[in-house]
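Novice: fold the stuff below for me.
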Amino acid sequence: QVQLVESGGGLVQTGGSLRLSCATSHAILQNYGMGWFRQAPGKEREFVAALARSGGASVYADFVNGRFTASEDYAKSTVFLQMNGLKPEDTAVYYCAAGTAHGSSYGPDYNYWGQGTQVIVSS
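Specialist: Residues are numbered from 1 along each chain as shown. Got it, this is the predicted structure:
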């Protein structure tokens with residue numbers, strides 16, 4: 001059974017930072033590409049970031065604009081999304097996902113999804 005468990009969301013002021021975590025397993029990290037997506041109220045889910053294969057560069061949505069960093073700690077079986085310079089428009093439920101395509105920004109490439117963690121950025 002694939003487990004993806006997000007945590008780290010919360011309420012933060014504009015300009016603040018949060019670090020989201022996605023706990024999974026070594027097997028998932030070895031065999032799947034990992035990505036982050038988000039869904040704001042009334043909007044479709046959108047791509048945020050995807051980790052590339054070892055040694056490669058992660059891929060980010062244009063709106064990230066250098067504010068977010070996706071990373072992996074294999075020893076802890078966890079992927080992270082460090083978010084700095086948060087804006088009210090970043091308010092959304094953030095999801096971790098695992099798929100067979102590494103570095104993909106396309107949601108259907110991801111087979112497994114976590115339950116999401118809520119991020120609220122106040123103005």
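Novice: now do the strands in this protein.
Specialist: Applying DSSP state E to the chain gives strands spanning 5-7, 10-13, 18-23, 33-39, 46-50, 59-60, 68-73, 78-83, 92-99, 110-113, 117-122.
Novice: separation between the residue nearest the centre of the chain and residue 83?
Specialist: Centroid-nearest residue in the chain, with CA atoms, centre = their mean: residue 36, separated by 2.6 Å. Residue 36 sits 10 Å away from residue 83, going by CB to CB, to the nearest Å. Where C-beta positions appear, they are placed from N, C-alpha and C, glycine not excepted.
Novice: with residue 105 instead?
Specialist: Separation of residue 105 from residue 83 (CB to CB): 17 Å.
Novice: more neighbours: those two, which one.
Specialist: Just comparing residue 105 and residue 83: by other CB atoms under 10 Å the higher neighbour count belongs to residue 83, 27 against 16.
Novice: shared neighbours of residue 36 and residue 83, anything?
Specialist: Common contacts of residue 36 and residue 83 (CB atoms under 8 Å, 6 or more residues apart in numbering): residue 20.
Novice: for the helix or strand of the chain with the lowest mean pLDDT, list the C-alpha coordinates in PDB.
Specialist: Across the helices and strands of the chain, mean confidence by mean pLDDT, DSSP states H and E is lowest for helix 26-31: a mean of 93. Output of helix 26-31 as PDB, limited to C-alpha atoms (Å, rounded to 0.1, in the frame of the first residue of the first chain):
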ATOM      1  CA  HIS A  26      12.100   4.100   0.500                       C
ATOM      2  CA  ALA A  27      10.400   1.900  -2.100                       C
ATOM      3  CA  ILE A  28       8.400   4.900  -3.300                       C
ATOM      4  CA  LEU A  29      11.300   7.200  -3.500                       C
ATOM      5  CA  GLN A  30      13.300   4.600  -5.400                       C
ATOM      6  CA  ASN A  31      10.700   3.800  -7.900                       C
END
